[in-house]
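> 3D model of this:
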Amino acid sequence: MRERARSSTYCPRVRLVRVRWEPIAQSTKTMNKESPTHSPAERGATVVITHRIKDGSAPAYEAWLNGIGPVCRSFPGHLDWQIIRPIAGLSGTYTVVIRFDTEEHLRQWMHSDERKRYIADARPLFAEEDRFHISTGLDIWFAPEGAVSAPMRWKQALVTLSAIYPLVLGVPLLLSPLLRKLGVTDGGFISTFIVAAVVVWLMAYVVMPNYTKLIRRWLFA
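Numbers count the residues shown, from 1 in each chain. Modelled structure (predicted):
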């Protein structure tokens with residue numbers, strides 16, 4: 001009886017360990033195989049698309065957007081889809097901003113047969129050709145070179161000044177106590193470099209992406 005009890009408690013343990021261990025090892029291999037890591041330069045790519053449509057074509061174009069949007073979002077690596085609609089009486093240009101996790105995934109969508117079919121269907125609505133600019137850096141927030149219309153220079157300058165001025169005032173005040181504790185002299189080369197680096201990082205990754213989304217209608221009008 002004792003031998004039976006011992007074997008009944010021992011065998012399931014051996015089997016339990018083997019059953020749990022093998023799927024974990026297998027899933028780890030699968031995860032490493034299907035989710036490759038990308039270098040920082042490969043992370044994130046954006047395309048800015050502009051369509052100037054003919055007068056009276058807005059309802060049809062909106063319906064077209066409702067059709068192509070879900071198809072775009074179904075492609076691998078899609079992150080974001082933003083539509084900047086024209087201001088009535090001022091502009092007839094739609095701006096579509098699309099983000100993917102890598103430039104490769106973005107180009108797969110931009111040159112896909114699905115998108116080509118949708119563009120062909122929408123050509124009767126366009127007053128000009130389908131134009132786009134692919135960006136993998138910060139130039140998307142400023143003046144992209146190419147076919148896409150950029151915001152007016154004075155708007156870019158005003159937005160940049162209004163975003164950077166509070167940072168230039170606030171970041172040194174917040175960092176000075178910490179830098180003093182570390183023995184870094186105020187106003188010196190090192191402290192100025194650290195403050196500048198923090199301001200640039202905040203502008204690139206926190207302030208400008210959210211600020212430009214908030215004012216995008218005015219910025220691209």
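
> report the backbone C-alpha coordinates of stretch 161-174 in CSV.
The C-alpha coordinates for stretch 161-174 follow below in CSV (Å, rounded to 0.1, in the frame of the first residue of the first chain):
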residue,chain,number,x,y,z
LEU,A,161,8.7,78.7,-30.3
SER,A,162,5.5,78.2,-28.3
ALA,A,163,6.6,74.6,-27.5
ILE,A,164,10.3,75.2,-26.7
TYR,A,165,10.0,78.4,-24.7
PRO,A,166,8.3,76.8,-21.6
LEU,A,167,10.8,73.9,-21.8
VAL,A,168,13.8,76.3,-21.8
LEU,A,169,12.4,78.0,-18.8
GLY,A,170,11.2,75.0,-16.8
VAL,A,171,13.7,72.2,-17.5
PRO,A,172,16.7,74.2,-15.9
LEU,A,173,14.7,75.0,-12.8
LEU,A,174,13.8,71.3,-12.4
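
> for that stretch, buried residues please.
By 16 or more other C-beta atoms under 10 Å, the buried positions in stretch 161-174 come out as 163-164, 167, 171-172. For glycine as for every other residue, the C-beta is placed from the backbone atoms N, C-alpha and C.

> just the ones of these in strands?
The strands, defined by DSSP state E, take in nothing from the buried residues of stretch 161-174.

> and the two most separated of those residues?
Maximum pairwise distance in the buried residues of stretch 161-174, criterion C-beta to C-beta, is 16.3 Å, between Ala163 and Pro172.

> how about the strands in the chain?
In the chain, the strands defined using DSSP E lie at 45-52, 78-84, 93-100, 131-135.

> can you give me the neighbour number for Phe132?
Phe132 sits with 16 neighbouring residues when counted by other C-beta atoms under 10 Å.
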